[in-house]
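In: pasting the structure only:
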């Protein structure tokens, strides 16, 4: 699951990214409002962690813009403005939660996961399909209750397909989930990882099928 961190304090953003990585989340870091807008328009994120004091504007303006566009992206506001009116303003502007600095990393992760567990959001402890189970916290995969090892990139593909099982996932969404803002990606990279995932699932005896919807994306379903 990929997150966007919008924070101009380089040291803090790196610490947050490291903490999220330890909790099993991938993240991209940007430091300005302009970069945040560009990132959201080009990558499908599970949630945003947004600082309000950005060098080129107020983070609340980014938040309000997202909500005017009916963008449902969950947003956790992270800021030094800890007053009551500041919190009320942030929540009324569309924030899903508000965390004042300084903070404990454990609390940030807990608040983020609470947001993602809300109806319509992406977080669930276990994702199941047929005899395949993926534990989102430990990132372990089980087939017939036996632990199986699948490489990291393929696990990322598996996660997004399981979260949307029975529905077509556009190729671009799969690419964003794997690579985020990493830069140039080979045109056939997604196909390569999907092919490898299919092979590994077959070898492990998973009774699931990954369908290629030509020109659109991929769909995971139970084997008939």
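Out: In hand now; what should we look at? The shown structure was predicted, so the numbers you read here are calculated from the model rather than taken from an experiment. Numbers count the residues shown, from 1 in each chain.

In: can you tell me which helix or strand the nearest residue to residue 127 once chain neighbours are set aside belongs to?
Out: Closest residue in space to residue 127, ignoring its immediate chain neighbours: residue 162 at 4.1 Å, by Cβ to Cβ, 6 or more residues apart in numbering. In this view, the C-beta of every residue, glycine as well, is placed from N, C-alpha and C. Element membership of residue 162 [criterion: DSSP states H and E] is helix 152-163.

In: And the residue nearest to residue 127, how far from residue 141?
Out: Distance of residue 162 to residue 141, given as Cβ to Cβ, to the nearest Å: 10 Å.

In: same question, residue 102
Out: In terms of Cβ to Cβ, residue 102 sits 37 Å off from residue 141.

In: cool, and residue 99?
Out: Residue 99 is 32 Å from residue 141, by Cβ to Cβ.

In: Please say which of these two ends up with more neighbours.
Out: residue 141 (24 against 19; other Cβ atoms under 10 Å).

In: just checking, that one touches residue 128?
Out: No. Assessed by Cβ atoms under 8 Å, residue 141 is found out of contact with residue 128, at 11.3 Å.

In: Around residue 69, count how many other residues there are.
Out: Residue 69 - counted by other Cβ under 10 Å - has 11 other residues nearby.

In: Show me the shaky parts of the protein.
Out: Across the chain, the ranges flagged by pLDDT under 70 are 82-83, 119-125, 137, 181-184.

In: Straight-line length of stretch 208-224, end to end?
Out: Its start and end residues considered, stretch 208-224 measures 8 Å (Cα to Cα, to the nearest Å).

In: what comes into contact with it?
Out: 129-130, 132, 161-162, 164-174, 194, 197-198, 201, 207 (Cβ atoms under 8 Å, 6 or more residues apart in numbering).

In: Mind listing what's buried along that stretch?
Out: Judged by neighbour count (16 or more other Cβ atoms under 10 Å), stretch 208-224 contains these buried residues: 208-210, 217-220.
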